[in-house]
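Engineer: give me the fold of what follows.
(one chain, ligands or ions: 1)
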Amino acid sequence: MKKAILVLHGPNLNLLGSREPGVYGRLSLAEVDREIKRYGRTRGVRVECRQSNHEGELIEALQTAGRKGFHAVVFNPGAFTHYSIALRDAVSGIALPVVEVHLSNVHAREEFRRHSVIAAAARGQISGFGLQSYLLGIDAALGALGSGRQTREAGR
Ligand code: DQA
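Structural biologist: Prediction:
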């Protein structure tokens, strides 16, 4: 069966392209989404992209992802990464693998960005590769969906 991945962008990512381009790049969200979908096609996976500035909407998107036919989520929680226990609980509360991604290298920035409350609930975190963080996230999600060794060795 063809796999389906939900790519979820959190707050302020709708401003990509104009928002701190030195940090987040010059591609708009529409351009980023186009590249993610193009990559998904090369990997034989159906990808849908959604963005919300609202914590509750992100929680609902996570909660309903399985019901909507998605097998995994690639999630950039934006600033919620650093403090939203509600999003962390949503990530822990669903059966789908969630890969946390960030455009910027959050570990090389301000102190408050170095901690993710989401990371422990996610399968893993990819940070600092710009658009490629999402593409690596798709591959990581596909790896997590493979019933193979990689998943078992990671203790999940
Ligand atoms: C971000 C990093 C966060 O610290 C920040 O609040 C964002 C974007 C990233 O993709 O690098 O909004 O998640």
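Engineer: go ahead and confirm residue 138 touches residue 39.
Structural biologist: Yes - if you go by C-beta atoms under 8 Å, residue 138 and residue 39 touch, sitting 6.1 Å apart. (Glycine included, C-beta is placed from N, CA and C.)
Engineer: quick one: which of those two has more around it?
Structural biologist: Neighbours per residue (other C-beta atoms under 10 Å) separate residue 138 from residue 39, with residue 138 holding more: 24 against 18.
Engineer: residues of the chain that sit close to the ligand?
Structural biologist: Counting by C-beta under 6 Å from any ligand atom, the residues of the chain close to the ligand are 12, 76, 78, 79, 81, 102, 103, 104, 106, 113.
Engineer: now for those, which pair is the farthest apart?
Structural biologist: 12 and 106 (14.1 Å; C-beta to C-beta).
Engineer: which one of these two is surrounded by more residues?
Structural biologist: The residue with more neighbours, out of residue 12 and residue 106, is residue 106; 20 against 14, by other C-beta under 10 Å.
Engineer: for that one, give its distance to residue 64.
Structural biologist: 27 Å (C-beta to C-beta, to the nearest Å).
Engineer: please apply the same query to residue 107.
Structural biologist: To residue 64, residue 107 is 31 Å away according to C-beta to C-beta.
Engineer: show the pLDDT at residue 72.
Structural biologist: In this prediction, residue 72 carries a pLDDT score of 98.
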